[in-house]
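Undergrad: next input, structure requested:
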Amino acid sequence: MSLLKLENVTKRFGGLIAVNDVSLEINQGEFVGIVGPNGSGKTTLFNIISGVYIPEEGRIIFDGLDITNFQPYKRAPLGIGRTFQIPRPFASATVRENVAVGAMFGSLGGKASVDESFEIADQTIERIGLQDHRFKAAGALTPVEKKLMEIARALAMKPKLLLMDEAMAGMHPNDIDQMVAFIKQIAIEEKIAVVAMVEHIMRAVVGMAEKVIVLHQGSKLVDAPTKQALEDPKVVEVYLGHPPEA
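TA: Got it, this is the predicted structure:
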């Protein structure tokens, strides 16, 4: 059974169809890349999955449960974690406190005590390499450090599905490679399905994704294994603009 299933999902904003009749399936522990040109509907799709937007048409099934009309606060405890393209930390709270919030309101919500949530935060912070900053105010972090903290907070939720919204944008190529390796390792260990939205960082797509879903003008253009998707003539035309080997 699929972990996440979208059935003919459509989202409109007035006369604009941002997501048009999209169906997809993501399995437990699967690594999926969502790509497409600007305005293709990627962020709207993420917002639909995480509950920011409710679609006008279609259904969203998560772990066998119809969550189409669930608000975000009801989806997080089910195991849907998310990072945002622009991190929005609790700026005056410490890194440790920010990450502990993920543990408190994720899949362990109501089960983990405050002390246990801070233990999870400490473990996650150390794994992601921010241990030297854990008592620093989140607002004082660099942009890349804020992105790392955002990932740590999402992982502290103990998600079944992790939605990563351009989490590696702005990172040095070597840091991207290390982050891809880290995410793959922790996802395999904890059986997390990872869906990563990527703009133009092909090394992240190729390094992490087992399959790629390409969106174009709100519709699903291609849903295929990574190599096959990136070599598809339609994808080259509307997204890459040149063969992937170039």
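Undergrad: okay, how far is it across stretch 188-207, tip to tip?
TA: Between the opening and closing residues of stretch 188-207 there is a gap of 15 Å (C-alpha to C-alpha, to the nearest Å).
Undergrad: okay, residue 245: pLDDT?
TA: Residue 245 carries a pLDDT score of 51 in this model.
Undergrad: cool, and residue 203?
TA: For residue 203, the predicted pLDDT is 66.
Undergrad: now do residue 39
TA: Residue 39 is given a pLDDT of 83.
Undergrad: which SS state does the residue nearest the centre of the chain fall under?
TA: In the chain, the centroid-proximal residue (C-alpha atoms, centre = their mean) is residue 163; its distance is 1.6 Å. Following DSSP: H, G, I helix; E, B strand; the rest coil, we place residue 163 in the strand state.
Undergrad: contacts only, for it.
TA: With contacts defined as C-beta atoms under 8 Å, 6 or more residues apart in numbering, residue 163 is in contact with 46, 49-50, 80-83, 195, 197. (Glycine included, C-beta is placed from N, CA and C.)
Undergrad: can you pick the most crowded of these?
TA: residue 80 (27 neighbours; other C-beta atoms under 10 Å).
Undergrad: with adjacent residues omitted, what lies nearest to that one?
TA: In this structure, residue 80 finds its nearest non-sequential neighbour in residue 161, 5.2 Å apart by C-beta to C-beta, 6 or more residues apart in numbering.
Undergrad: these two touch, right, the one you found and residue 27?
TA: No: assessed by C-beta atoms under 8 Å, residue 161 is found out of contact with residue 27, at 10.4 Å.
Undergrad: which neighbours do those two share?
TA: What both residue 161 and residue 27 touch, as defined by C-beta under 8 Å, 6+ apart, is the set 3, 193.
Undergrad: how about the contacts of residue 163 in a markdown table, adding secondary structure and pLDDT?
TA: Listed next are those as a markdown table, based on DSSP: H, G, I helix; E, B strand; the rest coil; pLDDT from 0 to 100:
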| residue | secondary structure | pLDDT |
| --- | --- | --- |
| 46 | helix | 92 |
| 49 | helix | 96 |
| 50 | helix | 94 |
| 80 | strand | 95 |
| 81 | strand | 92 |
| 82 | strand | 91 |
| 83 | coil | 89 |
| 195 | strand | 90 |
| 197 | strand | 78 |
